[in-house]
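Asker: Provided below for reference: sequence and predicted model.
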Amino acid sequence: MIEINGSLILSYSNCYREAWLMAHRIIPEQDNTFIALGRLIHETSYENRGEKDIAIDNIRLDMVEEKKGRTIVSEVKKSKYSLEGARDQLLFYLLRLKEMGVEANGLLLVPKEKKKIEVSLNPDEETRLKKMCEEIQDLVEGPIPPLERPQNKCQNCAYYTYCWV
């Protein structure tokens, strides 16, 4: 049984094959331009706000800050490309924190686009995320990664050469 983390949630939302590869510790191409750009944006954005890179159990939070008595957990992304998956990733963090007794609100940040999206965990989202975790477990227990049809998003993926070359 694999321990599910936020990166796996994001990958599953993007592509089942990517999630399977990540879960099996198959490392994507590290000199991928988009990975490097994402790291740079993560490191240089919001330098004077909150605590950055907080690791708790199997989650790694981009940024945590206290505002008006509330804990705000922020996830920083380079573009609006996969905001649905980023939202799921952030909701997963909020769920894990809730299970640890910490109530928090979420904020998706896309600095290049000056975008801020508030994210809150509710009972429906909790149910959906728990189901997603079960689906991920089923997926990664399979002996081979599922085949995906090439899509526009595949061209920028760090697993592109693994899947399509």
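Answerer: Ah, there it is. Numbering: from 1, shown residues only.
Asker: Against residue 11, how distant is residue 140?
Answerer: Distance from residue 140 to residue 11, counting by C-beta to C-beta, to the nearest Å: 11 Å. (C-beta placed from N, C-alpha, C; glycine too.)
Asker: where do the strands sit along this structure?
Answerer: Applying DSSP state E to the chain gives strands spanning 51-56, 59-67, 70-76, 105-110, 115-119.
Asker: how many other residues sit next to residue 128?
Answerer: Residues lying near residue 128 (other C-beta atoms under 10 Å) number 13.
Asker: Just list the residues touching it, thanks.
Answerer: By C-beta atoms under 8 Å, 6 or more residues apart in numbering, the contact set of residue 128 is empty.
Asker: which of residue 140 and residue 11 has more neighbours?
Answerer: The neighbour comparison of residue 140 against residue 11 (other C-beta under 10 Å) goes to residue 11, with 25 against 20.
Asker: From residue 69, how far off is the closest residue to residue 145 other than its chain neighbours?
Answerer: Counting by C-beta to C-beta, 6 or more residues apart in numbering, residue 145 lies nearest to residue 20, which is 3.8 Å off, once chain neighbours are set aside. Distance of residue 20 to residue 69, given as C-beta to C-beta: 42 Å.
Asker: Which of those two has more residues huddled nearby?
Answerer: Between residue 20 and residue 69, residue 20 has the larger neighbour count (other C-beta under 10 Å), namely 23 against 5.
Asker: which residues does that one contact?
Answerer: Neighbouring residues of residue 20 by C-beta under 8 Å, 6+ apart: 139-140, 142, 144-146.
Asker: ChimeraX command to pick out the buried ones of these?
Answerer: A single ChimeraX command selects the buried members of the contacts of residue 20 (16 or more other C-beta atoms under 10 Å):
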select :139,140,145
